[in-house]
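Enquirer: coordinates only, sequence not included:
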């Protein structure tokens, strides 16, 4: 009987605290967020179907067609080695979006687990985890990630792990706050009285309740990770050629001559990074408004 009451209360106090239909209606009333969601969906589709859409091998070198201006054969022109810029832009979307989503997922998993443990156990465990989070947040993430990439060598895996490790404290603090507000509720106390452990409490109570605010933090983490990937690849410490990413496509913009006379080499990846980051941020704003209980 007590377990049934606890489970029913979990459904009320956890994942359904904000009705999903109401949240979806509020999100639809956010036109910029809705348009951003459509744009991001199209970007993902273009990245997934890059090969049939591009019509060119992104790594095929044609020195006779180097630095060609946009034309019918090459919609966005070619780079310094004759590779098709439009093809590389589409394939680069796979890498940049993959790094952003993977880094954010890693940060959410680490933050959810550590934040939930800190809030449930409290005491010295809570203090230790929060001090570790403070240490990660006290360092400028870009500088540390650059150092890590310089020591371990630039690679996609190193970049994803480094970005994820410096983003988890945000999700960790959110989950900890939700846990602290729930652990003294009657349904959580009833679950503990029946012998429920931390893993069960996290799965049944804490994670469903923390999912709305964590989803907002995750979208912002994706945007930040995409921007960091572009910065690191631009500096030569991220995705390495011949693999294409939006960041390493911008390396041609280091030349003032290229910036002035060959804008097709840097304009398209720069616009792709800017619009994608803006779209993800707007989606995060829409989710924040949709899951805010004060909007109910």
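Expert: Nice, thanks for sending it over. Small disclaimer: the values here were computed from a predicted structure and weren't measured. Numbers count the residues shown, from 1 in each chain.
Enquirer: mind checking the SS state of residue 238?
Expert: coil (DSSP: H, G, I helix; E, B strand; the rest coil).
Enquirer: residues in contact with it?
Expert: By CB atoms under 8 Å, 6 or more residues apart in numbering, residue 238 lies in contact with 149, 154, 156, 159, 229-232, 245, 247-248. Using the backbone N, CA and C atoms, a C-beta is placed for each residue, glycine as well.
Enquirer: list only buried entries from those residues.
Expert: Those of the contacts of residue 238 that meet the buried threshold are 149, 154, 156, 159, 229-232, 245, 247-248, by 16 or more other CB atoms under 10 Å.
Enquirer: filter these down to just the ones in helices.
Expert: Counting by DSSP state H, the part of the buried ones among the contacts of residue 238 found in helices is 149, 156, 159, 229-232, 247-248.
Enquirer: what is the nearest of those residues to residue 62?
Expert: residue 248 (19.4 Å; CB to CB).
Enquirer: quick one on the thing from earlier: including distance to residue 69 and pLDDT, could the ones in helices among the buried ones among the contacts of residue 238 go into a markdown table?
Expert: Compiled in a markdown table, these are given as follows (distance: CB to CB, whole Å; pLDDT from 0 to 100):
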| residue | distance to residue 69 | pLDDT |
| --- | --- | --- |
| 149 | 34 | 83 |
| 156 | 32 | 87 |
| 159 | 33 | 89 |
| 229 | 28 | 89 |
| 230 | 24 | 89 |
| 231 | 28 | 88 |
| 232 | 30 | 88 |
| 247 | 23 | 88 |
| 248 | 22 | 87 |
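Enquirer: and of those, the nearest to residue 129?
Expert: Using CB to CB, those come closest to residue 129 at residue 159, 24.8 Å.
Enquirer: got a list of what the residue nearest the centre of the chain touches?
Expert: Compute the mean C-alpha point of the chain, and by CA atoms, centre = their mean the closest residue is residue 222, 1.6 Å away. The neighbourhood of residue 222, defined by CB under 8 Å, 6+ apart, consists of 100-101, 103-104, 280.
Enquirer: same deal with residue 227?
Expert: If you count contacts by CB under 8 Å, 6+ apart, then residue 227 has 273, 277 around it.
Enquirer: tell me the SS of it?
Expert: helix.
Enquirer: how far away is it from residue 24?
Expert: Look at residue 227 and residue 24: by CB to CB, to the nearest Å, they are 28 Å apart.
Enquirer: same question for residue 52.
Expert: Relative to residue 24, and taking CB to CB, residue 52 is found at 33 Å.
Enquirer: of the two, which one has the most company?
Expert: A side-by-side neighbour count of residue 52 and residue 24, using other CB atoms under 10 Å, places residue 24 first with 11 against 7.
Enquirer: show the contacting residues for that one.
Expert: residue 290.
Enquirer: and it, how far is that from residue 286?
Expert: Counting by CB to CB - residue 24 and residue 286 are separated by 11 Å.
Enquirer: quickly list what's touching both of these two.
Expert: Common contacts of residue 24 and residue 286, defined by CB under 8 Å, 6+ apart, are absent altogether.
Enquirer: contact partners for residue 157?
Expert: With CB under 8 Å, 6+ apart, residue 157 has no contacts at all.
Enquirer: okay, now the unreliable bits of the protein?
Expert: Applying pLDDT under 70 to the chain flags residues 1-22, 292-296.
Enquirer: apart from its chain neighbours, what residue comes closest to residue 213?
Expert: residue 174 (5.1 Å; CB to CB, 6 or more residues apart in numbering).
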